[in-house]
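Asks: Attaching a predicted model along with its sequence, questions to come.
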Amino acid sequence: MASMDSERVTGLSLAALLIMTSLAGCTGLASSTPNASISADRLTIDVGETVNFDARDSTTPAPTIIDEYVWDFGDGESRTTKTGIVSHSFAEAGNHEVEVEVFNDGGESDRASISIFVNSPPIVVLEMPGYVRTNETATIDASGSYDLEGGSVEFIWDLDLTFDANGDGDPANDADDNHASVEVSSADSGDLSGSVMVIDDKGATTTQIWHLMVVKRMFKVIWEEQRISAEWNGHTEQGLSSIIEQFPAEGARIMQVNATLVLDRDLLPIQWPEDNFTLRVNVPMTGWTTMVHTAQSNVTLNATASIDRGEMNPYPISGYTVSADSAESLVASLLNEPGARFGQGDWIWTIAAVQCDPDLPIDGIDPDTGNDWTFTVEFVILIPRVSEVGS
């Protein structure tokens, strides 16, 4: 009897278990909630960069399917997609908790999140003067630049955005210096532009272009008159020439020239008449050339030839003040003013013995084969004296 009661209890228990299992399948008591998963191709980025998120590893029990992904990027922006991938750019620095909520077609959902660190770019702090004069050194200091996260920073300077130092065709990407501060100067007035790139320990960069005004200097100009002279002595045989070269106008404006050739006297009657020489000058840069013959105005005087020319260039104003990049550039411009360059360059003097009388030998000897001479030249020149004024 006890055995029969035991078998009856066992049978009732088994039947109850079968009924509960059946009820669970019908009432939804078994879990149909999806399991969310999220991953990212990058966990650390710089401001403005993009992260690709992937939630395709999320699952949901059969026979349900995932049909919606709701993304919250932790920066106030959200998005809903039908696929499990999405991209997002972060404009704000800091830690962002990115969450995805996965929904299946049964309306059930699950959430997963991942943390993204957005690195802020470094802050550039520049100290520099507002202007400098030509050829004056200016210090541009970026040592006050810093990283908002407290990391270290490095520097890359391009000291002239108009000059392609590395020859790659882009003048704005040169690496001219890597110190926290640099010194710059310019021989030319105008705007000197460059840039500094500050790089933090995570590779984020901030580039700032700087402009430095380079102003001209002030000079007083005074023209000083001087006379320069030279003398040569020589002997030239008949049919030959003696050549003398000068460069009298270096650093000056020529105003006047007086050149005289004097032949030694033929004292013996057998050497008369006086010899015939020519004096010729050629100034190639100016294109001026002229020639004269020796002449004897009085039998008691030496035969001479002269070349004289005045007012070769206009007289300039003196004692005024003018701006220029440098004293050297100012002097160069003064000496190369249009209409005031006559006489620049080499002066080539040619002394030629055309005829030395007599030609007939005496006792087989020509008593007058050439002649001694003295040649003198005097120039009146104006030299520009410039002196810097002001500061």
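Replies: Yep, it's here. Numbers count the residues shown, from 1 in each chain.

Asks: C-alpha only now, for contacts and for neighbours.
Replies: Noted.

Asks: tell me which element the closest residue to Ser323 other than its chain neighbours is part of?
Replies: Nearest residue to Ser323, sequence neighbours excluded (CA to CA, 6 or more residues apart in numbering): Met218, at 4.4 Å. In the assignment (DSSP states H and E), Met218 maps to strand 217-237.

Asks: list the buried ones in that strand?
Replies: Residues of strand 217-237 classed as buried by neighbour count (16 or more other CA atoms under 10 Å): Arg217, Met218, Phe219, Lys220, Val221, Ile222, Trp223, His235, Thr236, Glu237.

Asks: From these, pick the one nearest Glu97.
Replies: Distance to Glu97 across those (CA to CA) is lowest for Arg217, with 60.0 Å.

Asks: what pairs with the residue nearest to Met128 when sequence neighbours are not counted across the strands?
Replies: Among residues not flanking Met128 along the chain, Ile140 sits closest, at 4.7 Å (CA to CA, 6+ apart). With DSSP bridges as the criterion, Ile140 is bridged to Val182.

Asks: Next, the contact list for Ile140, please.
Replies: Contacts for Ile140 (CA atoms under 8 Å, 6 or more residues apart in numbering) come out as Leu126, Glu127, Met128, Pro129, Ser181, Val182, Glu183, Val184.

Asks: just checking, the last one touches Thr139?
Replies: Okay, so that is Val184. Yes. The criterion here is CA atoms under 8 Å, and Val184 meets it with Thr139 at 6.6 Å.

Asks: Neighbour count for the two, which is higher?
Replies: The residue with more neighbours, out of Val184 and Thr139 and counting by other CA atoms under 10 Å, is Val184; that gives 16 against 13.

Asks: Let me see the backbone angles for that one.
Replies: When read as degrees, to the nearest 10, the backbone of Val184 gives phi -130, psi 160.

Asks: Can I take it that Leu334 is in a helix?
Replies: Yes. Judged by DSSP: H, G, I helix; E, B strand; the rest coil, Leu334 forms part of a helix.

Asks: Relative to Pro248, how far out is it?
Replies: Per CA to CA, to the nearest Å, Leu334 is found 17 Å from Pro248.

Asks: again with Ser37
Replies: Ser37 sits 92 Å away from Pro248 when distances are taken as CA to CA.

Asks: same check, this time on Ala259
Replies: Distance, Ala259 to Pro248, by CA to CA: 13 Å.

Asks: Over to Ser297?
Replies: 30 Å.

Asks: Same question for Asp54.
Replies: For Asp54, the distance to Pro248 - CA to CA - is 85 Å.

Asks: angle of the helix or strand harbouring Ala352 against strand 217-237?
Replies: Using DSSP H and E, Ala352 sits in strand 347-355. Angle, strand 347-355 to strand 217-237, by axes from the mean of the first three to the mean of the last three CA atoms, to 10 degrees: 20 degrees.

Asks: shift numbering so it begins at 58
Replies: Yes, from this point I'll number from 58; that puts the last item at strand 404-412.

Asks: which strands and helices sit next to strand 404-412?
Replies: strand 274-294, strand 298-303, strand 333-340 (3 or more CA pairs under 8 Å, 6 or more residues apart in numbering; DSSP states H and E).
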